[in-house]
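1. okay, sequence plus prediction incoming.
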Amino acid sequence: QPLLSSQSFSTSTKVPRPYEEEPLWRRPFNYSVQHGIDPEKLSRLQRYRYYQRLAPPMTMFVPDHIIPPEFFTVVPMERGQKQGSLVTIFSLWNTMLGTSLLCMPAAMLNAGVILGSLVVLAVGLVTCYTAVLTVQITMDIQLLDTFRNSPLEFVDVIEYYMPSPAAPIALSAGAASFLGALMVFWILLSNFTYGTGIALSNMVAGTFHFHNLSHSGAVCDAYNAPLHNGNATEWGLWSNNTVPIYLIFILFPLCCLKSATILSKFNSLGVVCIAMALMFVITKASLWGFNITLTDTESIHYVAPAVVDFNKLTGTLTLSFFIHNAVVALVRNNRNPKNNKRDVTIAFVMVALTYGLVGLLFILTFPLAKSCISNVTSQLLFDNISLNDMMVFVAKFFQIFQLITVYPTVNFVLRSQLFLGVFKDPFCSYKHVIVFNILTILICVLISIFYPKVNTVIRYVGSVAGLAYVFFFPCFVYLLHCYKNNTLTWYSALGHSVLILLGLLNLASQPIHLSKYFH
């Protein structure tokens, strides 16, 4: 009713009922319909509500404990299930350990057996530090999480501290890492499926004699020839060039699913596959014994202590230790958040030890020429074992099943991120999904046919994505965070600037063969 309306001045004989509410526009600021409440308590509640609306960027918060209990209502809610430090550590360990484990011997040979071990420790130390920075900065501004409908991620921290182009760049770097993972998965699936098919064919033909293998199954190349020699047989009914195409009929329908919930339930197989790979290497090493020399350059077992092409290993390790776009989500449900930085550090130590164990043990014990390890086209340690080896057959079978479930899951995450960034909808329509899947699968198939080198794909993708998410954003955002809190020092700025420079050098050095310039 308008204030100057004639009806406002009319008289009425109507007797108001007890506690009858006045019109909304007549209520004072501290008005409350809860009769019988102390006016001082009402005033305290109103101040609480007012100050809460000021933040952010204001930080004038009234602690909850001074609010009278009658203003609180107990609402039953389902909270995220908390987990202990042990579960958090193994989740980080299982997430980081992936396909890089199978190409670690070939990658470490690029740096030499001694220098390679030091590079694994050095890169693990740097990536661990930047991952801890990611967790620390996010925890420091976790206060912003109370004003969001979704949990705070590191990309939100980037958006908070840096101008608008920074967040899309970070999302692009994360998308590049996911696309690189999809390419590696398709190469591995093609390789394992092709090898398993040959082994099954040998079983049917009666030539699968795994108990009579020389050198306990060690071979220089499981396929006895380079995968791409220009022969017409490479496009036979069952070949390295046709198997990647066959996989389209299995994976394309799975990638078109609207949700990957069913497939994600099989991701626990990753622990089984990692355990099988470790058991495989340890078992073969115990059968082979040590076969290495660091001095006799004429011996087939000679391994150089150090090689100047260590930049290839740093690129591989950057993606091998890459977890920076997911580390905040993995530690979010930790029962004791104070232990987050400690748990992340322990996980990185375990990953570095696992990589070093697999890489060193395979190099030190391989009974044939060490050049066979790095000369295999796929750069996978499984291809240095005969196709008739039962352990390899079982390991590849489990790897195939796991990758068939992992590939659509990672594809779903990549699709959701890109669609949310571009269309503001994680699904849009089946038309968009089909076009997206055609593009990603086409890229993966072409890479699998014409460039199936796992280690090389990993190091290029790792150096590109790592520059953004491992080196630049954690260090630069940390410097901005310190500057805003007046805790920035010159030596901190210098040290973190050096880390960013190392990321740039890591990317720039990947196409360069340093051995051509240094001896």
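-> Received it, and whenever you're ready, just let me know what you need. Numbers count the residues shown, from 1 in each chain.
2. stretch 295-311 spans what distance, first to last residue?
-> 24 Å (CA to CA, to the nearest Å).
3. let me redo that: stretch 421-428
-> OK, stretch 421-428 end separation, CA to CA: 12 Å.
4. quick check: buried residues in that stretch?
-> C428 (16 or more other CB atoms under 10 Å). Using the backbone N, CA and C atoms, a C-beta is placed for each residue, glycine as well.
5. got it, and stretch 409-420?
-> In stretch 409-420, counting by 16+ other CB under 10 Å, buried: T409, V410, N411, F412, V413, L414, R415, Q417, L418, F419.
6. which SS class is the first one?
-> At T409, secondary structure determined by DSSP: H, G, I helix; E, B strand; the rest coil is helix.
7. check S164 too.
-> Applying three-state DSSP: S164 is coil.
8. helix, strand or coil for the residue most central in space within the chain?
-> Central residue of the chain (CA atoms, centre = their mean): I323, 4.1 Å from the mean position. Secondary structure, three-state DSSP: I323 is coil.
9. got the phi/psi numbers for it?
-> Torsion angles at I323 (phi, psi; degrees, to the nearest 10) stand at phi -150, psi 10.
10. repeat that for H513.
-> phi -100, psi 100.
11. can you check Q83 too?
-> Torsion angles at Q83 (phi, psi; degrees, to the nearest 10) stand at phi -130, psi 150.
12. low-confidence bits of the stretch 151-300 of the chain, can you list those?
-> For the stretch 151-300 of the chain, the stretches flagged by pLDDT under 70 are 151, 207-215, 222-234, 260-261, 263-269.
13. now the helices for it?
-> Along the stretch 151-300 of the chain, the segments classed as helices by DSSP state H, counting those that start in this stretch run 154-161, 166-205, 243-246, 248-255, 261-264, 269-288.
14. show me what the last one is packed against.
-> When you say that, I think you mean helix 269-288. Packing partners of helix 269-288 (3 or more CB pairs under 8 Å, 6 or more residues apart in numbering; DSSP states H and E): helix 85-96, helix 340-365, helix 390-423.
15. recalculate using a threshold of 6 Å.
-> helix 340-365, helix 390-423 (3 or more CB pairs under 6 Å, 6 or more residues apart in numbering; DSSP states H and E).
16. average pLDDT for the shortest one?
-> I take that to be helix 340-365. Regarding helix 340-365, the rounded mean pLDDT is 93.
17. what do you get for the last one?
-> Here the mean pLDDT over helix 390-423 is 84, rounded to a whole number.
18. what angle sits between that helix and helix 154-161?
-> With axes from the mean of the first three to the mean of the last three CA atoms, to 10 degrees applied, the angle from helix 390-423 to helix 154-161 works out at 30 degrees.
19. mind checking how far C256 is from H432?
-> Distance check for C256 against H432: by CB to CB, to the nearest Å, it reads 11 Å.
20. also K453?
-> 32 Å.
21. neighbour count winner among those two?
-> K453 (19 against 16; other CB atoms under 10 Å).
22. what separates the more buried one from A106, distance-wise?
-> On the measure of CB to CB, K453 and A106 end up 9 Å apart.
23. isn't V392 right up against I385?
-> Yes - V392 is within contact range of I385, at 4.7 Å (criterion: CB atoms under 6 Å).
24. now F471. Nearest residue, chain neighbours left out?
-> In this structure, F471 finds its nearest non-sequential neighbour in G503, 2.8 Å apart by CB to CB, 6 or more residues apart in numbering.
25. tally of neighbours for that neighbour?
-> What G503 shows, counting by other CB under 10 Å, is a neighbour count of 22.
26. one more: the one 10 residues further on?
-> As a burial measure, the neighbour count of H513 was computed by other CB under 10 Å and equals 12.
27. likewise P452?
-> By other CB under 10 Å, the residues close to P452 number 25.
28. hang on, it in a helix?
-> No - P452 sits outside any helix when classified using three-state DSSP, being coil.
29. sorry, back to before: how much space separates the residue lying closest to the residue nearest to the centre of the chain once chain neighbours are set aside from A347?
-> Among residues not flanking I323 along the chain, M96 sits closest, at 5.2 Å (CB to CB, 6+ apart). M96 sits 7 Å away from A347 when distances are taken as CB to CB.
30. kindly report the same for I300.
-> Per CB to CB, I300 is found 38 Å from A347.
31. comparing those two, which residue is more hemmed in?
-> A347 (26 against 13).
32. pLDDT score for the closest residue to the more buried one other than its chain neighbours?
-> Of all residues not flanking A347 in the chain, L92 sits nearest, at 3.5 Å (CB to CB, 6+ apart). The model reports L92 with a pLDDT of 87.
33. could you look up the SS state of P367?
-> Under three-state DSSP, P367 comes out as coil.
34. let me know whether it touches W288 as I believe.
-> Yes - using CB under 6 Å, P367 is in contact with W288, at 4.9 Å.
35. on that earlier part again, quick one: the residue nearest to I323 from V344, how far?
-> M96 is 11 Å from V344, by CB to CB.
36. in stretch 241-260, what counts as buried?
-> By neighbour count on 16+ other CB under 10 Å, the buried set for stretch 241-260 is N241, V243, P244, L247, I248, L251, L254, C255, A260.
37. leaving aside the residues adjacent along the chain, what's closest to the fifth one?
-> Of all residues beyond its chain neighbours, the one nearest I248 is I441 (6.1 Å), with distances taken as CB to CB, 6+ apart.
38. so L507 touches L467, yeah?
-> Yes - in this structure, L507 is within contact of L467 by CB under 6 Å, at 5.0 Å.
39. hmm, back to that, now render the helices of the stretch 151-300 of the chain as a markdown table, adding distance to L381.
-> Below are those laid out as a markdown table (distance: least, CB to CB, whole Å):
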| stretch | distance to L381 |
| --- | --- |
| helix 154-161 | 33 |
| helix 166-205 | 12 |
| helix 243-246 | 20 |
| helix 248-255 | 25 |
| helix 261-264 | 27 |
| helix 269-288 | 7 |
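40. and L494, which of those is closest to it?
-> Distance to L494, taken as CB to CB, is lowest for helix 154-161 among the helices of the stretch 151-300 of the chain, at 19.9 Å.
41. just say helix, strand or coil for I458.
-> With three-state DSSP as the basis, I458 sits in helix.
42. against A468, how distant is K312?
-> Taking CB to CB, one finds K312 at 20 Å from A468.
43. out of the buried residues of stretch 241-260, which comes closest to I137?
-> Once CB to CB is applied, the member of these that ends up nearest I137 is A260, at 29.4 Å.
44. please enumerate the helices of the stretch 401-519 of the chain.
-> Ranges of helices in the stretch 401-519 of the chain, per DSSP H, counting those that start in this stretch, are 430-450, 454-466, 473-484, 490-508.
45. angle of the shortest one against helix 490-508?
-> Pointing back at helix 473-484 there. Using the same axes, to 10 degrees: helix 473-484 against helix 490-508 is 160 degrees.
46. which residues sit against helix 473-484?
-> Here helix 473-484 makes contact (CB atoms under 6 Å, 6 or more residues apart in numbering) with T130, L133, T134, I137, I158, Y161, A170, L488, A493, H496, L499, I500.
47. give me the nearest residue to the first one, chain neighbours excluded.
-> Looking back up the chat, that one is T130. Closest residue in space to T130, ignoring its immediate chain neighbours: P474 at 4.1 Å, by CB to CB, 6+ apart.
48. separation between that neighbour and V120?
-> 20 Å.
49. most packed of the helices of the stretch 401-519 of the chain?
-> Across the helices of the stretch 401-519 of the chain, averaging neighbours per residue (mean count of other CB atoms under 10 Å) puts helix 454-466 on top, at a mean of 25.
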